[in-house]
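A.B. asks: take a look and give me a structure for this.
(chains A and B)
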Number of protein chains: 2
Amino acid sequence: MSIANIRFGMVKNRHMKRFKQAVEKHEVDEAMVPLCEFVNSRKHFFTSSSCSGRIILLKVSGKTKRDASFHRKWHRTVSFEEVWQGIEKARAKELWFKMEPFIIHIGTNSLKRACKLLDIKNKAGVKRGGIIVAKPGKFLLELVGTEAIALPVKLGGKIIVSKRFLKEVVKKANEKLEANFLRLKKFEEILRADLS
Amino acid sequence: MSIANIRFGMVKNRHMKRFKQAVEKHEVDEAMVPLCEFVNSRKHFFTSSSCSGRIILLKVSGKTKRDASFHRKWHRTVSFEEVWQGIEKARAKELWFKMEPFIIHIGTNSLKRACKLLDIKNKAGVKRGGIIVAKPGKFLLELVGTEAIALPVKLGGKIIVSKRFLKEVVKKANEKLEANFLRLKKFEEILRADLS
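C.D. replies: Next up is the predicted model:
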């Protein structure tokens, strides 16, 4: 057995174990479970952290992503009321409303198979992402959707959006989240067909 | 000379020619010119389309990116007044305000060099992107910043944001654009040091 093979076996096992534990603890975004289970069932592939897309209220306390934390997180369409309540209940001085697209990490053991995943990405019309790690026995792809919304809703402790405006934004965010889920579904279909 | 070498030579020449023509026609985002010229001066590398980051007003007429077109585009910080004027003058029924991060495409001729670019990306703290094409003689990386703002400002032909709110958004967009330029500068510095 080559070092590359040994490395891939170790990495795949570690990620599959982590994935199973996360599923048991209900930490995995449920919409991603069938896709991740399918990928993990393939001999030469595995998944790492993934998210199907989400609508969030993000507390921001500084300049970097490290200074941000979730106030609310939904992996589904939302009602205006629950978003507004979330905003009213936030004690953060700065709060952002965001709709973020899906993000999937898929690992494999050769450049050839990594390129196959790039082909699937292109076929499914997934715009962003690529091979982010390329070592013998460990090729990792990141795939990211494109639909996104991001705006501040609270600054200096004050709500800066009107209810009327936010209703429109929530509607658009729900539309974009649905479009994102459709794109993800298309990706999953092509993935299942091409890796079967 | 191998087929891979011939392919790389052809691809690099084509992209360098296109880049020179675009610079002559002032179609290239000026902040990107020194970085692109440096990369193109390296024997084993070239740049393709690039953007240093921007603030835009986007007309949307359908569901896909193809149905969208620029109403205004600035590769610099903006004043509230010029954004507001842009919004008032737009005839589009749907208009979005966006701050988008930099995007750079760099090509090279081997997986080893593509991995070196991934290392530089990671060192510079550039979060998104990866190898998007991997063929003998043609490896292409896409690098994308993370800072972003996106919100609808006009729907059904009506302005849906208040001046007061948009002033805050423009301020945040300018801050994020500056942070994006700093990240890009850091990336360029590391690139110049590591590819010299």
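A.B. asks: going by C-alpha atoms from here, please, whenever you check contacts or count neighbours.
C.D. replies: Fine.
A.B. asks: residues in contact with stretch A:49-64?
C.D. replies: Outside of stretch A:49-64, the residues within contact range by Cα atoms under 8 Å, 6 or more residues apart in numbering or on different chains are A:28-29, A:31-32, A:67-78, A:83, A:86-87, A:92-105, A:173, A:177, A:180-181, A:184.
A.B. asks: which residues are in contact with stretch A:155-162?
C.D. replies: Under the contact criterion Cα under 8 Å, 6+ apart, stretch A:155-162 has outside partners A:I87, A:E88, A:R91, A:A92, A:K93, A:E94, A:L95, A:P152, A:V153, A:K154, B:F165.
A.B. asks: mind doing that once more with 6 Å?
C.D. replies: By Cα atoms under 6 Å, 6 or more residues apart in numbering or on different chains, the surrounding residues in contact with stretch A:155-162 are A:K93, A:E94, A:V153, A:K154, B:F165.
A.B. asks: go on, stretch A:67-77?
C.D. replies: Defining contact as Cα under 6 Å, 6+ apart, one finds that stretch A:67-77 is touched by A:R54, A:I55, A:I56, A:L57, A:L58, A:K59, A:V60, A:S61, A:N174.
A.B. asks: least confident pick among the residues you listed?
C.D. replies: On pLDDT alone, A:S61 ranks lowest of the contacts of stretch A:67-77, at 87.
A.B. asks: how about the strands in chain A?
C.D. replies: Here chain A has its strands, by DSSP state E, at A:45-51, A:54-60, A:68-74, A:94-100, A:103-108, A:128-135, A:138-144, A:149-155, A:158-159.
A.B. asks: what about the first one, average pLDDT?
C.D. replies: Throughout strand A:45-51, pLDDT has a mean value of 89.
A.B. asks: how far does it sit from its chain's centre?
C.D. replies: The gap between where strand A:45-51 is centred and where its chain is centred comes out at 10 Å by Cα atoms, centre = their mean, to the nearest Å.
A.B. asks: chain B contacts on chain A?
C.D. replies: By Cα under 6 Å from any Cα of the partner chain, the part of chain A that sits against chain B consists of A:G129, A:G130, A:I131, A:I132, A:I149, A:A150, A:L151, A:I160, A:F165.
A.B. asks: returning to what we had before: lowest average confidence across the strands of chain A, which one?
C.D. replies: Taking the mean pLDDT of the strands of chain A, strand A:45-51 comes last: a mean of 89.
A.B. asks: direction included, what does that one pair up with?
C.D. replies: Partner strands and pairing direction for strand A:45-51 (DSSP bridges) are strand A:103-108 (antiparallel).
A.B. asks: now do the partner strand: everything it contacts.
C.D. replies: Applying Cα under 6 Å, 6+ apart, the set of residues contacting strand A:103-108 is A:44-51, A:139-144.
A.B. asks: how far is stretch A:102-119 from where the chain is centred?
C.D. replies: Relative to the chain's own centre, stretch A:102-119 is displaced by 16 Å; criterion: Cα atoms, centre = their mean.
A.B. asks: list the buried residues of it.
C.D. replies: Buried residues in stretch A:102-119, counting neighbours by 16 or more other Cα atoms under 10 Å in any protein chain shown, are found at A:102-111, A:113-115, A:117-119.
A.B. asks: again with stretch A:147-159
C.D. replies: Applying a neighbour-count criterion of 16+ other Cα under 10 Å, the buried positions in stretch A:147-159 are A:E147, A:A148, A:I149, A:A150, A:L151, A:P152, A:V153, A:K154, A:L155, A:I159.
A.B. asks: quick one, what contacts the second one?
C.D. replies: By Cα under 6 Å, 6+ apart, the contact list for A:A148 reads A:M99, A:E100.
A.B. asks: how close does it sit to B:L95?
C.D. replies: A:A148 sits 15 Å away from B:L95 when distances are taken as Cα to Cα, to the nearest Å.
A.B. asks: can you give me the distance of the residue of chain A at minimum distance from chain B to A:E37?
C.D. replies: Among the residues of chain A, A:G130 lies nearest to chain B; the distance is 4.3 Å by Cα to the nearest Cα. Taken as Cα to Cα, the spacing of A:G130 relative to A:E37 amounts to 21 Å.
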